[in-house]
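S.K.: okay, here's the prediction I keep looking at, along with the sequence it came from:
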Amino acid sequence: MKKDIKEKTSFGVWLKKFVSRPGVKSVISSLICILGGFVVGFLVLLILSISSEDIDFADSFRGLFIILGGPFSAGNRGDALYQFGNMLFNCTPLIMTGLSVALAFKTGLFNIGAPGQYLMGAMGSLIVALSIPTSVIPPILVWLLALLVGIAGGMIWGMIPGLFKSLLGVNEVIVCIMTNWIAANIVSWVFSGSQFINVAETKMNFIKKTSVNNVMTPTLGLDKLFSDGSLTSYMDIGIFIAIAIAVVLYIMLNKTTFGFELKACGFNKNASKYAGMNEKRNIMLSMAIAGGLAACGAALWCLNGHQDFKWEVYQSLPDVGFNGIPAALLGGCNPIGTVISAIFLRYINAGGSNLVGQTAFNEYVSQLIIAIIIYFAGFAKFIKDVVIDKWIAERRKKSAAAPAKNKPDGGKED
Amino acid sequence: MSEEINAVPENRSDYVIEMRHITKRFPGIVANDDVTLCLKRGEIHALLGENGAGKSTLMSILFGLYQPDEGEILKDGKTVRINDPNDANALGIGMVHQHFKLVDVFSVLDNIILGVEPNRFGFLSKKQARERVIALSESYGLNVDPDALVEDITVGMQQRTEILKMLYRNNDILIFDEPTAVLTPQEITELMDIMRGLAKEGKSILFITHKLNEIMAVADRCTVLRKGKYIATVNIADTNREELSDMMVGRHVSFVTEKSPANVGDTVLEVRDLCVKSKLHKKNVVNGVSLDVHAGEIVSIAGIDGNGQSELVQAITGLEKPSSGSITLCGKDVTYQGIRYRNTHGMSHVPEDRHKHGLILDYDLKDNLVLQRYFEPEFQKKGFIRSDEVKKYADRLIEEYDIRSGQGAATTVRSMSGGNQQKAIIAREFDREHELLVAMQPTRGLDVGAIENIHRDIVRSRDSGVGVLLVSFELDEVMNLADRILVMYEGEIVGEFDPKKTTPQELGLYMAGAGRKNAKEESAE
Ligand SMILES: Nc1ncnc2c1ncn2[C@@H]1O[C@H](COP(=O)(O)OP(=O)(O)OP(=O)(O)O)[C@@H](O)[C@H]1O
Ligand SMILES: [Mg+2]
C-alpha cells in the first residue's frame, strides 16, 4: 500500500513538472479552451433543439458528433475524402494569415491588417497569372512569378502601418484598419470593368479562374487521391508550402539573431533600444513580413486555379484575414501551433457544413457554434497564466504535504 | 511602549501578526524555508537578508499574492487564510511594493481611491474622499497634492501616495518593500519620520531595506534571513551594523573599499558643452556640461536626483539626443552615432532603470546576458544563434558574479529577485570589452555583500585601465569610490572636488545649489 502512495506521488510530481513546461502549458490551455467551446456549443444545440419544434432532441447529440467528425462525418467514404481534401486546401490561406498575425504579435504588434494584405496579394497574383501568356512562358514560371508578385504586394501593404508606427508613432491598429479598406477599394476599382472578370461563365462578380491561362498550383495527384471518385477535390501542394513556411518561421524566431531581435522588440522596446537594436527597422520588417505571409496565403488560394475570387470587396473584407487572429491566439502565437490550430478550425468548419446537410440545424447555427469555439480561443492566455499556474501551485502544496505525512524521515525530492 | 499596548487583554497575543514555519517553493528553489516572523503591535520591524533571501516572497505571502506551501499565518492570535490582496486588506494589511503600482495618468486622489471608489447612486463622488485624503496627508505630514498627476510627481511623492493609499484603507499593518532604494537622502529622512509617526499612532510596520544605518535609525527589531532560512530576530538596541551584516551575509563585510592611487591615462570620454532639452518642457535639463573621463580613473557625479544626471547619462550613452554639444569616445566623435556603435566602440552602460532599459524580463537569464553581444561571431554563425556557446558564457557569468536564481541560465528574469536582476546587468556590462563604463546607481537595491563585490569590481576595472563615470545619489558611495567628484546642480556642473580633500558637508552644500550662487556672485562682482 505504501508503494502505491509513492507511485502516485511520483507520478504527480512528474505530471506537475510536465505541465509546468511552457510549451506544454500552451497546448493544454488551448485544449481546455477548445473543450470549453464544445461544451458551450453543445449547450446551444441542446437549447435550440428543445425550444424548436422542427428540431429533434436527438439532433443536438448528433449535431455535436457531426461537428466533432469534421469532414469525416460526410455520408460515405468518397465524400469524406473529397471533403478532407478541400479542407486541407482551405487550411492554406488560414495558416498563412494566422502566421502573419502570430509573427506580428511576437514583435509586439497587432496585425489586424491581414485582410487588406490578403487582398493585395490576391490582386497581384491574379493579374500576373492572367496576363502573362503561358504560350510564351512556361506556366510554372508564371505561377512562381504570380506568387512572388502577390507576396510583394502584401509586403508593401504591411510595410505601410509599420512605417507609420516606427516613424510617426501612430498606432498600427488604426493604420491597419484604414489600409484594409483602402486595399478593398483599390482592388474593386482595379478589377471593375477589366478584362479579368469571368464573362465566359457569366459570373460577373468573380475574376477568371487562373486555370484558363493554365496557371495552377501543382497537385501531384493529391486532388485525385482525395476525391469521391468522380469529382476531384481542390487539394494541391499549397498546404505543404504553408507548413514549410511555418517551420522556417519557427526556426527564424527561435534560432536566429533576427528572431532574437524581433522578439526582444516585442517584449521591451526600450530595452532593445538600449541594447543597440534598431527597433524602428525591426517594426517595419516585422510588419512587411507579416504582410507578405498573409498575401502568400491569398496567392496560394487564387493560384489553385479553380477558385472564384470575388472582386467586389469594397463592402466586405475577406474573413480569412480576420480569422488569422483566433488561429494565431489558439496556437499560442507559435508558428507550429498556428498551423495546428488553423487546421483544427477548418476541420470544425467542415463539420459545420455537414451539420446543415444532415440535421435540421441551419447554416447560421453551424456558424454560431464555430464562432463560440473561436471566442473561447481568446481565453487561451488567461487559462495558461491563471488557471494552470494555480493548479500547479495546488499540486505542489499537496505533494509537499503528502510525503511529510507518509515518511517521517522527510521527503527530499524537490 | 505606550499605555495602550499594555492594556491589551491577556488572552490576546502580544503579536498582531505571526507567520509561523512558512515554506514557499518555486521551481528549483526554496524561497522561504521554515521562516517564522512575529510582528508586535506598534513596532517597526526590519527584514534583512541578501538578494534573493526571500524577503519579498515572505511579504507577498503576507499580502496574499502567494500562498505558502507550508506554515500558517495568525492575526491577533487567530489563524487566518489570506487568499488574495483583498483578504489582506480586510485584515488591515497594506503593502508598498518594491516597484510601485500606480496608474501614471491618474491623479494622486484617483490612485488612492482606486478599487474603493466612493459612490452615490453609482456615481463617483470624490468630494468626501478628497477631504479625507487631505486630512490624512496633513496628520501624518505626508504633504501630497491630491490633484497632481502621478507621472508628474517625484518618486518620493509617489511613494507617499502609496502610503496614503494604505492609510485611506484603514490598514494598520504596513509593509514597505525596499522603500528607500529609490529615494534621495532627504526623502529617506522624511520617510523615516513618517514611519516613526505611524508607529506612534499604533500602526505596525514591516520594513525591508539593505541599508543597515536605516535599520539602526528607525527599527525596533530586525529579523534576518539567509538563503531562504530564518537566522535570528534581534533587538536593534542590542546590536550594531557589523553584527547585522555578518549575520546576514555569513561573513565579514567591509564598508570601505581598498584602493590604490589612480593611474590616469588617456582621455576616454570627452563631453563638451552638452545640452539636452527636457521632454516635458522645452528647457535645457542639461545645460552646457563639459567633462572628461580618463582611462584608469573613477569620475563620480554627485547630486540630488532630478538635477539632469539621468538626461546627461542618456545623452552620453545614446538613449537621448543632445540638442547641442559634442561627445567623444576614445577619440571618436560619437555625438550622432547610434547605441550599437557606442556599445561596440568601448562603452558599457549600467542603466538607471533596470526594468525599463536594462532587461527583457520575459527573456531568460542567458539571453539577457548576451543582449548586446548576440550578433558577435562568438555567439552567432551565419545568423544562427549558437545556443550552447551562449549557455556556456552565461554559466560562467552566473558563477563569477554569484547571480542567484531558481533555474540558472534558463530562469526567466522576471521571476528573479530585484537584486539578482541588478547583478545580471552588472555582470553583463562588466564582462563586455569596454574602455568606458557609465554606471548610474549601479548598487541600487543590492545587499551589502553584493555592494562590496561591485565596488571592488569597479575599482579593479579602473586599475585595469577602464575609465569610469559613476553617477550616484549616495554620498557614501561617491566618497568611497571616486578619484574625482563633480557636483551637478540644475543641469550644470557646479564644482569639482578631490574626495580626500572634501567633506560630505561641503558636497552637500554644493548639491543644494550653494556652488552656483557663489559662482554667480563672483561673476557679478
Ligand atoms: N514568481 C517566482 N517564480 C519563480 N521564482 C521566484 C519567484 N519569485 C521569487 N522567486 C525566487 O525566489 C527567491 C527569493 O526571491 P525574493 O524576491 O523573495 O528575494 P528578496 O529577498 O526580495 O531579494 P532582493 O533583495 O534582491 O529583492 C529568488 O531566488 C527568486 O529567484
Ligand atoms: Mg525583493
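M.R.: Cool, the structure landed. Ligands and ions are numbered 1, 2, ... in the order given.
S.K.: what sits up against the longest strand seen in chain A?
M.R.: Longest strand in chain A, counting residues (DSSP state E): strand A:203-207. Residues from elsewhere that reach strand A:203-207 (Cβ atoms under 8 Å, 6 or more residues apart in numbering or on different chains): A:Leu126, A:Leu130, A:Phe191, A:Phe196, A:Ile197, A:Asn198, A:Asp308, A:Phe309, A:Lys310, A:Trp311, A:Glu312. Bear in mind the C-beta positions are built from the backbone N, C-alpha and C, glycine included.
S.K.: farthest pair within those residues?
M.R.: A:Leu130 and A:Glu312 (17.2 Å; Cβ to Cβ).
S.K.: which one of these two is surrounded by more residues?
M.R.: Counted by other Cβ atoms under 10 Å in any protein chain shown, A:Leu130 and A:Glu312 do not tie: A:Leu130 has more neighbours, with 21 against 15.
S.K.: show me what contacts that one?
M.R.: Counted by Cβ under 8 Å, 6+ apart, A:Leu130 has contacts A:Phe196, A:Ile207, A:Lys208, A:Thr210, A:Val212, A:Asn213, A:Val215.
S.K.: what is the mean pLDDT for stretch A:93-111?
M.R.: Stretch A:93-111 shows a mean pLDDT of 95.
S.K.: what comes up buried for it?
M.R.: A:93-109, A:111 (16 or more other Cβ atoms under 10 Å in any protein chain shown).
S.K.: for stretch B:138-154, same thing?
M.R.: Buried residues in stretch B:138-154, counting neighbours by 16+ other Cβ under 10 Å, are found at B:Tyr140, B:Leu142, B:Val144, B:Pro146, B:Val150, B:Ile153.
S.K.: which elements pack onto the helix or strand hosting A:Thr92?
M.R.: For A:Thr92, the host element (DSSP states H and E) is helix A:77-106. Counting by 3 or more Cβ pairs under 8 Å, 6 or more residues apart in numbering or on different chains; DSSP states H and E, the packing neighbours recorded for helix A:77-106 are helix A:114-131, helix A:222-225, helix A:238-255, helix A:257-267, helix A:279-302, helix A:319-330, helix A:335-358.
S.K.: starting at the chain centroid, how far to it?
M.R.: 7 Å (Cα atoms, centre = their mean, to the nearest Å).
S.K.: go on, stretch B:107-126?
M.R.: 31 Å.
S.K.: in that stretch, what counts as buried?
M.R.: B:Ser107, B:Val108, B:Leu109, B:Asp110, B:Asn111, B:Ile112, B:Ile113, B:Lys126.
S.K.: would you turn the residues you listed into JSON lines with pLDDT and distance to B:Val253?
M.R.: Below are those laid out as JSON lines (pLDDT from 0 to 100; distance: Cβ to Cβ, whole Å):
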{"residue": "B:Ser107", "pLDDT": "86", "distance to B:Val253": "43"}
{"residue": "B:Val108", "pLDDT": "87", "distance to B:Val253": "39"}
{"residue": "B:Leu109", "pLDDT": "88", "distance to B:Val253": "44"}
{"residue": "B:Asp110", "pLDDT": "87", "distance to B:Val253": "44"}
{"residue": "B:Asn111", "pLDDT": "87", "distance to B:Val253": "38"}
{"residue": "B:Ile112", "pLDDT": "87", "distance to B:Val253": "40"}
{"residue": "B:Ile113", "pLDDT": "84", "distance to B:Val253": "44"}
{"residue": "B:Lys126", "pLDDT": "78", "distance to B:Val253": "50"}
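S.K.: of those residues, closest to B:Ala410?
M.R.: Using Cβ to Cβ, these come closest to B:Ala410 at B:Asn111, 36.9 Å.
S.K.: what sits against the nearest residue to the closest one once chain neighbours are set aside?
M.R.: Excluding the flanking residues, the one nearest B:Asn111 by Cβ to Cβ, 6 or more residues apart in numbering or on different chains is B:Leu102, at 5.1 Å. Each residue near B:Leu102 by Cβ under 8 Å, 6+ apart is listed here: B:Asn111, B:Val150, B:Gln158, B:Thr161, B:Glu162.
S.K.: can you tell me which of these are in strands?
M.R.: Going by DSSP E, the strands hold none of those.
S.K.: find the pair from those with maximum spatial separation.
M.R.: For the contacts of B:Leu102, and using Cβ to Cβ, no pair is farther apart than B:Val150 and B:Glu162, which are 10.3 Å apart.
S.K.: get me the contact residues on the stretch 351-500 of chain B for ligand 2.
M.R.: B:Gly418 (Cβ under 5 Å from the ion).
S.K.: all helices for the stretch 351-500 of chain B, in order.
M.R.: Along the stretch 351-500 of chain B, counting by DSSP state H, counting those that start in this stretch, helices occupy B:365-369, B:387-401, B:418-431, B:448-463, B:475-481.
S.K.: do the same with the stretch 201-350 of chain B
M.R.: Counting by DSSP H, counting those that start in this stretch, the helices of the stretch 201-350 of chain B are B:212-218, B:241-249, B:309-317, B:339-344.
S.K.: for the shortest one, the distance to its chain's centre please.
M.R.: The reference is to helix B:339-344. Using Cα atoms, centre = their mean, the offset of helix B:339-344 from its chain centre is 27 Å.
S.K.: contact partners of that helix?
M.R.: Residues outside helix B:339-344 that contact it (Cβ under 8 Å, 6+ apart): A:273-278, B:317-319, B:329, B:334, B:349, B:372, B:432.
S.K.: so where's chain A shaky on pLDDT?
M.R.: Low-confidence segments of chain A (pLDDT under 70): A:1-10, A:12-13, A:16, A:20, A:22, A:378, A:380-381, A:392-414.
S.K.: which residues touch the nearest residue to A:Thr338 once chain neighbours are set aside?
M.R.: Spatial nearest neighbour of A:Thr338, excluding adjacent residues (Cβ to Cβ, 6+ apart): A:Gly331 at 3.6 Å. By Cβ under 8 Å, 6+ apart, the residues touching A:Gly331 are A:Ser30, A:Gly98, A:Ala102, A:Gly337, A:Thr338, A:Val339, A:Ile340, A:Ser341, A:Ala342.
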